[in-house]
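Peer 1: Turn this into a structure:
(2 chains)
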Amino acid sequence: MAEKSHDIFPRDPNKTYGLMELVKGTSTGVDKEPEDTIFSWPHLFYVEFLCVLIVTGLLLFASLYFGAPLEEEASRDTTPNPMKAPWYFLGLQEMLVFFDPWIAGVGLPVLIAVGLMLIPFLDVNKKGKGYYTFSERKFAITSYSFGMALWLVLIVIGVWFRGLDWNWYWPWENGHIHKPPATGLEDLPIIFARTLGIGEFAGKALSDLLVLGYFGAGLIIPALYFKEFFKKLGLIRYVTLMGLYLIMIGIPVKVGLRLVFSIKYVVMTPWFKI
Amino acid sequence: MGSSNWAKISTWVKSTQFYKAIFRHGYEDTPRNRALTTFSNVLYHLHPVKSRWESIKLRYTWCMGGTSLLLFIILTLTGVLLMFYYVPDVRRAYQDIKDMMAVVSYGTTFRNIHRLAAQLMVATVWIHMTRVFLTGSYKSPREFNWIIGVVLLMLTLLLSWTGYLLPWDQLALWAITVGTKMAAATPLFGVEGPFGLQLGMRPDNDVKFMLLGGTEVGQNALLRFYVLHCVVLPLMVVVFLAVHFWRVRKDGFSGPL
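Peer 2: Predicted coordinates:
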């Protein structure tokens, strides 16, 4: 056995390469002439070196103009209004307006992280690997862009449009005058109970059914319309993907319900409210 | 001395055992030396000796992963310098920052660079992820490396966030107060979260208490965030970076076939 491996990889004192790994399948190196490749030294390194110079230079100059902020010493006696998280967390802080802290602060970040990690396993499209394309990956790129856009819009709102008491302030409004607190928010079950003249329990049941219907329809209807898509994904992938997707879409939906219909909670249980 | 003497000395130096122990190859522009340059240097050998032009040109890579690494290195260097002048004690942390800005030579500059680089790194890591998504580079066989990448994104955010508390100014105290308030709302493990009370969570034993070392942001919280920011999280980043780069080498650069 040892003799045989020597035959495959003969010992050669002049050899400047070694066995790195054995893999099955295609690779960028298969069936390619050496002419297709270029030396990292200097072709790759000079790009990296330029990048180092430019970024370091920019940082140095930017540091002259953009000072790191330092406010008054920490004190419990005065509470800043509004209290703003760092900009990259403002999307989550914005969600606090529309969701309870356990969703905005814990549930959503965990879902975002898990959802991002699952992307390679949910995207079964073999096309579009190693080059930019929209036409071959319309669904994937549209979904990702939607998520990113949502995130960015929330950050922009948090940075530039939120003022005292986390109220909405246009840039031309006086940011030092308090706005009246939002009132008249109602829970969906109560709205149902009042407008339809049914009991509170029936109102609750109706709103729960509505939410179940949203997820149920969201799971079943695409599976019926895009049979190919469903078949390609398989049940587990499909349910995971659509579940995450419906939650993502559900966020602006809930925000819309709040803004247009002044609805506070949709689902109410003794332990948590959504 | 004449130039021939210099040449003699140079030849002699290059022939010594000591020189050869450090410099393994010449500098003539030969394919052999180009290859040796890459793989006889610990930093360069993270790269392949040869790559396909298509997969390393800037228009394809955006160089955002490399920039993130560069920013991490800059943050480590400036961070170490800042550590010389900073004591994580609520009685003097703020004054240390003041001193850094008023008394320490280049203190303001290094603090500003540290802060800017931290903000920039959040952005570059994000853009890097977007680039990897747009080129479909997470697809088989690179699925696992994408997961490592998401972990690195989370670590970047946590690093930036833990650093937020250290200046011990109003911004720091209240941003962390808001943030850790959310920890108390963690389902199951937070006292204000769903099922927290039912599982016996109290303000003095839940996940927020663990994070802060107390019920509010105080001395213990400052020390914990300091240790997390300066030791624990950077070490975790280094470990995950090592796996990240190693997987890139094993799976090869993505790029058009």
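
Peer 1: name the element residue A:245 belongs to?
Peer 2: Residue A:245 is located in helix A:227-261, with elements delineated by DSSP states H and E.

Peer 1: Could you pull out the buried residues of that helix?
Peer 2: By neighbour count with 16 or more other C-beta atoms under 10 Å in any protein chain shown, helix A:227-261 contains the buried residues A:230, A:233, A:237-238, A:240-242, A:244-248, A:250-251, A:254-255, A:258. (C-beta placed from N, C-alpha, C; glycine too.)

Peer 1: go on, stretch A:58-77?
Peer 2: Applying 16+ other C-beta under 10 Å to stretch A:58-77 flags A:59, A:63, A:68, A:70, A:73, A:74 as buried.

Peer 1: Identify those among the residues you listed that sit within helices.
Peer 2: The helices, defined by DSSP state H, take in A:59, A:63 from the buried residues of stretch A:58-77.

Peer 1: between the buried residues of stretch A:58-77, which is nearest residue B:203?
Peer 2: Checking the buried residues of stretch A:58-77 against residue B:203 with C-beta to C-beta, the nearest one is residue A:74 at 20.8 Å.

Peer 1: how far away is the closest one from chain B?
Peer 2: 4 Å (C-beta to the nearest C-beta, to the nearest Å).

Peer 1: which residues does that residue contact?
Peer 2: B:90, B:94, B:168, B:169, B:170, B:172, B:173 (C-beta atoms under 8 Å, 6 or more residues apart in numbering or on different chains).

Peer 1: which one is it nearest to, not counting chain neighbours?
Peer 2: Excluding its sequence neighbours, the residue lying closest to residue A:74 (C-beta to C-beta, 6 or more residues apart in numbering or on different chains) is residue B:173, at 3.7 Å.

Peer 1: what's the burial count for the one you found?
Peer 2: 28 (other C-beta atoms under 10 Å in any protein chain shown).

Peer 1: would you put the C-alpha positions of whatever helix or strand it lives in in CSV?
Peer 2: Assigned by DSSP H and E, residue B:173 belongs to helix B:170-184. What follows is helix B:170-184, C-alpha atoms only, in CSV (Å, rounded to 0.1, in the frame of the first residue of the first chain):
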residue,chain,number,x,y,z
GLN,B,170,-24.0,59.4,28.8
LEU,B,171,-24.1,57.9,25.3
ALA,B,172,-22.4,54.8,26.6
LEU,B,173,-24.5,54.3,29.7
TRP,B,174,-27.9,54.8,28.1
ALA,B,175,-27.2,52.9,24.8
ILE,B,176,-26.1,49.9,26.9
THR,B,177,-29.1,50.4,29.2
VAL,B,178,-31.4,50.2,26.2
GLY,B,179,-29.6,47.2,24.8
THR,B,180,-29.5,45.2,28.0
LYS,B,181,-33.1,46.0,28.7
MET,B,182,-33.9,43.9,25.7
ALA,B,183,-31.9,41.0,27.3
ALA,B,184,-34.3,41.0,30.2
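
Peer 1: Show me how far that helix is from its chain's centre.
Peer 2: On the basis of C-alpha atoms, centre = their mean, to the nearest Å, helix B:170-184 sits 23 Å off its chain's mean C-alpha point.

Peer 1: List the buried residues for that helix?
Peer 2: B:170-184.

Peer 1: do stretch B:70-81 as well
Peer 2: Buried, per 16+ other C-beta under 10 Å, within stretch B:70-81: B:70, B:71, B:72, B:74, B:75, B:76, B:78, B:79, B:81.

Peer 1: Can you confirm whether that stretch lies near chain A?
Peer 2: Yes: using C-beta under 8 Å from any C-beta of the partner chain, stretch B:70-81 reaches chain A at B:70, B:71, B:74.

Peer 1: Adding distance to residue B:131 and secondary structure, write the residues you listed out as TSV.
Peer 2: As requested, the residues of stretch B:70-81 next to chain A are exported to TSV (distance: C-beta to C-beta, whole Å; DSSP: H, G, I helix; E, B strand; the rest coil):
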residue	distance to residue B:131	secondary structure
B:70	16	helix
B:71	16	helix
B:74	21	helix
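
Peer 1: right, and out of those residues, which lies closest to residue B:149?
Peer 2: residue B:71 (15.5 Å).

Peer 1: ok, now which ones touch the closest one?
Peer 2: Shown in contact with residue B:71 (C-beta under 8 Å, 6+ apart): A:55, B:117, B:118, B:120, B:121, B:124.

Peer 1: Nearest to residue B:39 among these?
Peer 2: Relative to residue B:39, the closest of the contacts of residue B:71 is residue A:55; by C-beta to C-beta it sits at 25.8 Å.

Peer 1: Please tell me I have it right and that closest one contacts residue B:68.
Peer 2: No: using C-beta atoms under 8 Å, residue A:55 is not in contact with residue B:68, being 10.2 Å away.

Peer 1: which one of the two has more residues nearby?
Peer 2: Per other C-beta under 10 Å, whichever of residue A:55 and residue B:68 has more neighbours is residue B:68, with 24 against 19.

Peer 1: so residue A:97 is in which element?
Peer 2: Using DSSP H and E, residue A:97 falls in helix A:90-98.

Peer 1: Pull out the buried residues from that helix.
Peer 2: Going by 16+ other C-beta under 10 Å, helix A:90-98 has these buried residues: A:90, A:91, A:92, A:93, A:94, A:95, A:96, A:97, A:98.

Peer 1: next one: it to chain centre, how far?
Peer 2: Offset of helix A:90-98 from its chain centre (C-alpha atoms, centre = their mean): 14 Å.

Peer 1: could you give the angle of that helix to helix A:227-261?
Peer 2: Helix A:90-98 runs at 60 degrees relative to helix A:227-261, counting by axes from the mean of the first three to the mean of the last three C-alpha atoms, to 10 degrees.

Peer 1: counting contacts, what elements does the next helix or strand after helix A:90-98 pack onto?
Peer 2: Note on helix A:90-98: by DSSP H and E, the next helix or strand toward the C-terminus is helix A:101. Packed against helix A:101, as judged by 3 or more C-beta pairs under 8 Å, 6 or more residues apart in numbering or on different chains; DSSP states H and E, are the following elements: helix B:170-184.

Peer 1: so the helix it packs on versus helix A:90-98, what angle?
Peer 2: Using the same axes, to 10 degrees: helix B:170-184 against helix A:90-98 is 60 degrees.

Peer 1: quick one: contacts of helix B:170-184?
Peer 2: With C-beta under 8 Å, 6+ apart as the criterion, helix B:170-184 contacts A:69-76, A:78-80, A:83-86, A:89, A:92-93, A:101, A:104-106, B:161, B:164-166, B:190-193, B:203, B:206-208, B:211-212, B:216-217, B:221, B:225.

Peer 1: Ok, stretch B:16-28 next?
Peer 2: Stretch B:16-28 has contacts (C-beta under 8 Å, 6+ apart) with B:13, B:14, B:32, B:33, B:36, B:37, B:40.

Peer 1: List the contacts of residue 99.
Peer 2: Assuming you mean chain A. A:108, A:254, A:274.

Peer 1: Wait, chain B was what I had in mind.
Peer 2: B:85, B:107.

Peer 1: one more time with 10 Å, if that's ok
Peer 2: With contact taken as C-beta atoms under 10 Å, 6 or more residues apart in numbering or on different chains, residue B:99 is in contact with B:85, B:86, B:92, B:107.
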